[in-house]
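Visitor: turn this into a model:
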Amino acid sequence: MMTNLFSVFDPSTTLFKINFNWISVSLGMLIMPHLFWFMPSRMMFLWNNMLTMLHKEFKMLIGPTPQQGNTALFVTLFSLILFNNLLGLFPYIFTSTSHLSMNLTLALPLWLTFMLYGWINNTQHMFTHLVPQGTPSILMPFMVCIETISNIIRPGTLAVRLTANMIAGHLLLTLLGQTGSSLSVTLTSLLLLSQILLLMLELAVAIIQSYVFAILSTLYSSEVK
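Guide: Numbers count the residues shown, from 1 in each chain. As a prediction, this is how the structure comes out:
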């Protein structure tokens, strides 16, 4: 029995005070490797085409760089978040991306790396980026403060956006599911239909949020060149 509504997101499978629910993050290692030695399927071709399209889009956003393989980081980030978002839609599987600790672990190192690289290698560009072009001289100190604050809160906004979207849909599904036992047959049928529609919406949200997280990370990296 849940002590509160948010307890559905709490890790509950423990052994020696170790939360084994987080193992769901590594389930991809058991599912994905078979793609390398089985005959390619239609799903594999669809996945490869999607990753190719993402690679081209990320490459366009990053721009020409002397380093090769820059997009591999963001394609992998998209795949990881998408996989965990989709896993969370299955019953009895822990939704790791609904936790701020997980999402901050992804966003904070990326942002810190971009900032260190930019300030060390392109210091002048980073200073000029604090003042948008065409800003009046009297507003420049305020714009520097605003741009500095917006840069600092970027990892937090990335993590909170993903966490909030994952929690909202799951909470709505849980709230509707708890009312099923007290409804009539007709209302239960309507409830089942609404649950199916919400699950389809959650599927779209899982894909969109993983794409948004990856695309914003790519945009942040393109600003430090």
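Visitor: poorly predicted segments of the protein, please.
Guide: 1-20, 22, 24, 28-40, 64-69, 180 (pLDDT under 70).
Visitor: all helices of it, in order?
Guide: 28-31, 42-62, 70-87, 100-121, 123-129, 140-152, 154-178, 185-222 (DSSP state H).
Visitor: you'd agree Leu216 is up against Leu158?
Guide: Yes - the pair Leu216 and Leu158 qualifies as a contact (C-beta atoms under 8 Å) at a distance of 6.1 Å. For every residue, glycine as well, the C-beta is placed using N, CA and C.
Visitor: picking up where we left off before, tell me the most buried of the helices of the chain?
Guide: helix 70-87 (a mean of 19; mean count of other C-beta atoms under 10 Å).
Visitor: got the angle for that helix vs helix 154-178?
Guide: Using axes from the mean of the first three to the mean of the last three C-alpha atoms, to 10 degrees, the inter-axis angle of helix 70-87 relative to helix 154-178 is 20 degrees.
Visitor: what packs against helix 70-87?
Guide: Helices and strands touching helix 70-87, by 3 or more C-beta pairs under 8 Å, 6 or more residues apart in numbering; DSSP states H and E, are helix 42-62, helix 100-121, helix 185-222.
Visitor: how about a cut-off of 10 Å?
Guide: helix 28-31, helix 42-62, helix 100-121, helix 154-178, helix 185-222 (3 or more C-beta pairs under 10 Å, 6 or more residues apart in numbering; DSSP states H and E).
Visitor: closest one to Phe127 among the ones you listed?
Guide: For Phe127, the closest of the helices and strands packed on helix 70-87 is helix 100-121, at 9.1 Å, according to C-beta to C-beta.
Visitor: now do the closest one: which elements does it pack against?
Guide: helix 70-87, helix 123-129, helix 140-152, helix 154-178, helix 185-222.
Visitor: in CSV: the ones you listed, plus distance to Leu110.
Guide: Output for these, formatted as CSV (distance: least, C-beta to C-beta, whole Å):
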stretch, distance to Leu110
helix 70-87, 8
helix 123-129, 17
helix 140-152, 13
helix 154-178, 7
helix 185-222, 5
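Visitor: nearest to Ser41, of those helices?
Guide: helix 70-87 (17.3 Å).
Visitor: using PDB, write out the CA atom coordinates for the closest one.
Guide: Coordinates of each C-alpha in helix 70-87 appear next as PDB, following Å, rounded to 0.1, in the frame of the first residue of the first chain:
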ATOM      1  CA  ASN A  70      31.300  14.400 -32.000                       C
ATOM      2  CA  THR A  71      27.700  13.400 -32.700                       C
ATOM      3  CA  ALA A  72      28.200   9.900 -31.300                       C
ATOM      4  CA  LEU A  73      28.000  11.300 -27.800                       C
ATOM      5  CA  PHE A  74      24.600  12.900 -28.400                       C
ATOM      6  CA  VAL A  75      23.200   9.900 -30.400                       C
ATOM      7  CA  THR A  76      24.200   7.700 -27.500                       C
ATOM      8  CA  LEU A  77      22.600  10.100 -25.000                       C
ATOM      9  CA  PHE A  78      19.400  10.100 -27.000                       C
ATOM     10  CA  SER A  79      19.400   6.300 -27.100                       C
ATOM     11  CA  LEU A  80      20.000   5.900 -23.400                       C
ATOM     12  CA  ILE A  81      17.200   8.300 -22.300                       C
ATOM     13  CA  LEU A  82      14.800   6.900 -24.900                       C
ATOM     14  CA  PHE A  83      15.400   3.400 -23.700                       C
ATOM     15  CA  ASN A  84      14.900   4.200 -20.100                       C
ATOM     16  CA  ASN A  85      11.800   6.300 -20.800                       C
ATOM     17  CA  LEU A  86      10.200   3.400 -22.800                       C
ATOM     18  CA  LEU A  87      11.100   0.900 -20.100                       C
END
